[in-house]
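# Provided below for reference: sequence and predicted model.
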Amino acid sequence: MLKLFNKIRKTGVITEDVPEGRDPAFEEVGEQLRAKVGEIFSGSLAIREVDAGSCNGCELEANALNNSWYSIERFGIHFVASPRHADLLLVTGPVSRHMEAALRRTWDATPNPKLVLAMGDCAADGGEFGVSYASCGGVSSIIPVDGVIRGCPPTPMSLMKAILALVEKRTDND
């Protein structure tokens, strides 16, 4: 134990310094999103995240939006535990055969009008897993998809931009 404490004492603190202020580009996208969400969803967009069989890389990036650095709730966006309260389904991973029925039930339980966003390369087209005995492939092979975010995994900034594009697309269709 003393050997470990001496190593820690000798090494010291090796973490990075916290950057000053917030990212202006993220703030700009967030403010645009707040305006659109306020206009269309009466100020609050509820997201239900569904892991359809992913490696959890996309979930980590989506969950980062809730931390104190990104703090997505200040823009009127929050994650909900039930699809019955959701406006948007955020689906990650290739749809495994075991999650196929659960994803359909979740989509059916989400009230209309609903939006579906496939997050990551796996959700887009099955990624490296493709279609196999264990995987149905991308989300669009099971439920209708309104938008796709490419990347492995996509960053929180690209997720915010994709949500904004999806909400704007819905505005144009109404």
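Yep, that arrived. The structure presented is a predicted model; accordingly, all values stated were derived computationally and were not measured.
# CA only for contacts and neighbour counts going forward, please
Noted.
# quick one: L89 and A134, what's the gap?
23 Å (CA to CA, to the nearest Å).
# Let me know the helix or strand that the residue most central in space within the chain is in.
Taking CA atoms, centre = their mean, the centroid of the chain lies closest to A62, which sits 3.9 Å from it. If you go by DSSP states H and E, A62 is part of helix 57-64.
# What is the neighbour count of E59?
Applying other CA atoms under 10 Å, we find 20 other residues in the vicinity of E59.
# Tell me who's in contact with it.
With contacts defined as CA atoms under 8 Å, 6 or more residues apart in numbering, the neighbours of E59 are 51, 92.
# could you measure it against R104, distance?
E59 sits at a distance of 20 Å from R104 (criterion: CA to CA).
# go on, E16?
Taken as CA to CA, the span from E16 to R104 is 43 Å.
# Who has more neighbours out of those two?
R104 (12 against 6).
# Could you pull up phi and psi at that one?
Torsion angles at R104 (phi, psi; degrees, to the nearest 10) stand at phi -60, psi -40.
# repeat for R48
Note on R48: backbone dihedrals following degrees, to the nearest 10 are phi -110, psi 120.
# Could you do V50 as well?
phi -120, psi 120.
# how about it, what does it touch?
Residues in contact with V50 (CA under 8 Å, 6+ apart) are 89-92, 103.
# can we see that at 6 Å?
Listed by CA atoms under 6 Å, 6 or more residues apart in numbering, the contact set of V50 reads V91.
# Same check on L89?
47-49, 116.
# could you redo the last one with a cut-off of 8 Å?
47-50, 83, 107, 114-117.
# go on, A118?
A118 neighbours (CA under 8 Å, 6+ apart): 90-92, 124, 139, 145, 147-149.
# and the residues you listed as JSON lines, adding distance to G43, neighbour count and secondary structure?
Output for the contacts of A118, formatted as JSON lines (distance: CA to CA, whole Å; neighbours: other CA atoms under 10 Å; DSSP: H, G, I helix; E, B strand; the rest coil):
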{"residue": "L90", "distance to G43": "19", "neighbour count": "25", "secondary structure": "strand"}
{"residue": "V91", "distance to G43": "23", "neighbour count": "29", "secondary structure": "strand"}
{"residue": "T92", "distance to G43": "25", "neighbour count": "30", "secondary structure": "strand"}
{"residue": "A124", "distance to G43": "29", "neighbour count": "25", "secondary structure": "helix"}
{"residue": "V139", "distance to G43": "28", "neighbour count": "28", "secondary structure": "helix"}
{"residue": "V145", "distance to G43": "23", "neighbour count": "18", "secondary structure": "coil"}
{"residue": "G147", "distance to G43": "21", "neighbour count": "19", "secondary structure": "strand"}
{"residue": "V148", "distance to G43": "24", "neighbour count": "23", "secondary structure": "strand"}
{"residue": "I149", "distance to G43": "24", "neighbour count": "21", "secondary structure": "strand"}
